[in-house]
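Visitor: Got a sequence here, can you model it:
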Amino acid sequence: MPGSKRVLCDSSSDDEIIYVLGKKTIKNIGTFMHAYSVPFWQHMAGGEIEDDMSEAETLLLKDLCTKPGTFDEDKIMRLLKDEANHLPVMEALAFLLNYDINMRDVTDGFDEKDIAEITRINALLLKWEGVAQKERARASKKAKSA
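Guide: As a prediction, the model looks like this:
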């Protein structure tokens, strides 16, 4: 079923690979963000945003928020309209999974269909984070050899 899964597209260049989210995932990112919003920011309450954060953490905690404590869903959706942003946004969202957040708090109030989507996106985030790390290592290796 084209467009419903994360797909890997090879561009015309031998070196450039574009990772593209499927329509189903993009459609459900809003539900995912709503599910994580309160539990994540409650967990972060009193926690400090540090200056030595990774690029992905900075994107999540500083750029994908309207203000500290509030995810900017509109901005996230605007970013995801450009396929070039899919990998960095998904890597940033993967940082949500690095925190000790009770999944019952995340899925509380959602129906079974939404919970299934939240769980599916959680699993995808781990894959996207791995791909982002490999791409960064590949780019670093390429830069050193140039």
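
Visitor: now the helices: where do they sit in the protein?
Guide: 23-44, 55-58, 73-80, 86-94, 103-107, 112-145 (DSSP state H).

Visitor: so who does the closest residue to residue 100 other than its chain neighbours touch?
Guide: Closest residue in space to residue 100, ignoring its immediate chain neighbours: residue 43 at 7.0 Å, by C-beta to C-beta, 6 or more residues apart in numbering. For the C-beta atoms, the positions are set from N, CA and C on the backbone; glycine is no exception. Residues counted as contacts of residue 43 (C-beta atoms under 8 Å, 6 or more residues apart in numbering) are 99, 100, 101.

Visitor: Residue 87: which of the residues you listed is nearest?
Guide: residue 99 (21.1 Å; C-beta to C-beta).

Visitor: burial count for that closest one?
Guide: 12 (other C-beta atoms under 10 Å).

Visitor: next one: the one 3 residues further on
Guide: Residues near residue 102, counting by other C-beta under 10 Å, number 10.

Visitor: Also the one 3 residues further on?
Guide: A total of 15 residues lie near residue 105 under the criterion other C-beta under 10 Å.

Visitor: Who are the contact partners of the nearest residue in space to it that is not next to it in sequence?
Guide: Closest residue to residue 105 apart from its sequence neighbours, by C-beta to C-beta, 6+ apart: residue 39 at 4.0 Å. Taking C-beta under 8 Å, 6+ apart, we find residue 39 in contact with 101, 102, 105, 106.

Visitor: Could you rerun that using 10 Å?
Guide: Residues in contact with residue 39 (C-beta atoms under 10 Å, 6 or more residues apart in numbering) are 96, 99, 101, 102, 103, 104, 105, 106, 107, 108.

Visitor: repeat for residue 128
Guide: Counting by C-beta under 10 Å, 6+ apart, residue 128 has contacts 6, 19, 21, 25, 86-94, 121.

Visitor: Over to residue 28?
Guide: Contacts of residue 28 by C-beta under 10 Å, 6+ apart are 22, 35, 113, 114, 116, 117, 118, 120, 121.

Visitor: Turn those residues into CSV, including distance to residue 54, pLDDT and neighbour count.
Guide: Below are the contacts of residue 28 laid out as CSV (distance: C-beta to C-beta, whole Å; pLDDT from 0 to 100; neighbours: other C-beta atoms under 10 Å):
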residue, distance to residue 54, pLDDT, neighbour count
22, 26, 90, 16
35, 23, 95, 25
113, 33, 97, 10
114, 29, 97, 16
116, 30, 97, 13
117, 27, 96, 19
118, 24, 96, 19
120, 25, 95, 14
121, 21, 95, 23
